[in-house]
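1. structure for this input, please:
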Amino acid sequence: MTNPVKIPRMSKPEYDNLIKRQYISRIAFGACDHPYIAPFLYVFDGKFLYFLSTKYGRKIEYFHQNPKVSVEIEEYNPDLSAFTFVSLQGILEEVQDPAKKKGVRLQFVDMIYEKKLSPVVLTALGHAPDDPVDVIVKEERSAVWKLTGVRDIVALKNG
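-> Residues are numbered from 1 along each chain as shown. As a prediction, the model looks like this:
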């Protein structure tokens with residue numbers, strides 16, 4: 001029997017670069033009978049990942065029951081000739097400091113402009129697509145979450 005080929009691991013600089021390039025993640029919540037996975041936009045300050053979460057839905061219930069999560073970020077070619085992903089297990093904390101929340105919200109506004117995202121993305125953050133993007137800073141329709149206490153990182157690449 002032949003041994004399976006293992007996907008190579010990424011170095012910290014490689015997965016940090018992946019995290020910096022991307023802006024969509026998936027968060028798996030475990031506070032339910034079956035894990036619940038939801039997509040989230042994120043920003044990365046070089047040390048922490050931050051997310052905006054609407055203040056309704058299952059994710060809020062699961063977050064309050066158990067803030068331990070897995071966050072997955074990926075990048076791949078459409079034909080899968082090359083792919084990378086990083087999975088981080090940690091704890092979500094709701095940011096309470098008003099100045100920090102405003103700073104994170106400003107990072108989201110900058111990211112939306114830099115990535116030239118459609119205004120429809122605002123609906124994922126509790127706003128109408130015809131709202132100005134800076135409404136994210138002016139109105140707190142979403143909670144600001146920070147991933148902390150990362151205990152395990154799996155980062156793999158192929159290609």
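2. Thr148 is in what secondary structure piece?
-> Taking DSSP states H and E as the criterion, Thr148 maps to strand 142-158.
3. who touches that strand?
-> Residues outside strand 142-158 that contact it (CB atoms under 8 Å, 6 or more residues apart in numbering): 7-10, 14-15, 18, 48-55, 60, 63, 69, 71, 82-95, 100-101, 104-105, 125-126, 136. Every C-beta, even on glycine, is put in place using the N, C-alpha and C of the backbone.
4. remind me what the helix or strand hosting Phe108 packs against, helices and strands.
-> Assigned by DSSP H and E, Phe108 falls within helix 98-114. With contacts taken as 3 or more CB pairs under 8 Å, 6 or more residues apart in numbering; DSSP states H and E, helix 98-114 sits against strand 36-44, strand 49-54, helix 135-138, strand 142-158.
5. buried subset of the contacts of strand 142-158, written for PyMOL?
-> With 16 or more other CB atoms under 10 Å as the burial test, the buried ones among the contacts of strand 142-158 are selected in PyMOL as follows:
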select buried, resi 10+15+18+48+49+50+51+52+53+63+69+71+84+85+86+87+88+89+90+92+95+101+104+105+125+126+136
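6. buried ones in the least confident helix or strand in the chain by mean pLDDT?
-> Every helix and strand of the chain was ranked by mean pLDDT, DSSP states H and E. The lowest is helix 58-65, at a mean of 92. By 16+ other CB under 10 Å, the buried positions in helix 58-65 come out as Lys59, Tyr62, Phe63.
7. and the nearest residue to the last one once chain neighbours are set aside, which of the three is it?
-> Translated: Phe63. Setting aside the residues directly before and after it, Phe63 is nearest to Leu92 in space (CB to CB, 6 or more residues apart in numbering), at 5.9 Å. For Leu92, the assignment made with DSSP: H, G, I helix; E, B strand; the rest coil gives strand.
8. in the sheet, who's paired with Leu92?
-> Following DSSP bridges, Leu92 is listed with bridge partners Leu147.
9. isn't it up against Gln65?
-> No - Leu92 is beyond contact range of Gln65, at 11.7 Å (criterion: CB atoms under 8 Å).
10. distance check, Cys32 against Thr54.
-> For Cys32, the distance to Thr54 equals 18 Å [CB to CB, to the nearest Å].
11. wait, Ile37
-> 16 Å.
12. and Tyr15, what does it touch?
-> So Tyr15 contacts Thr84, Val86, Ile153, Ala155 (CB under 8 Å, 6+ apart).
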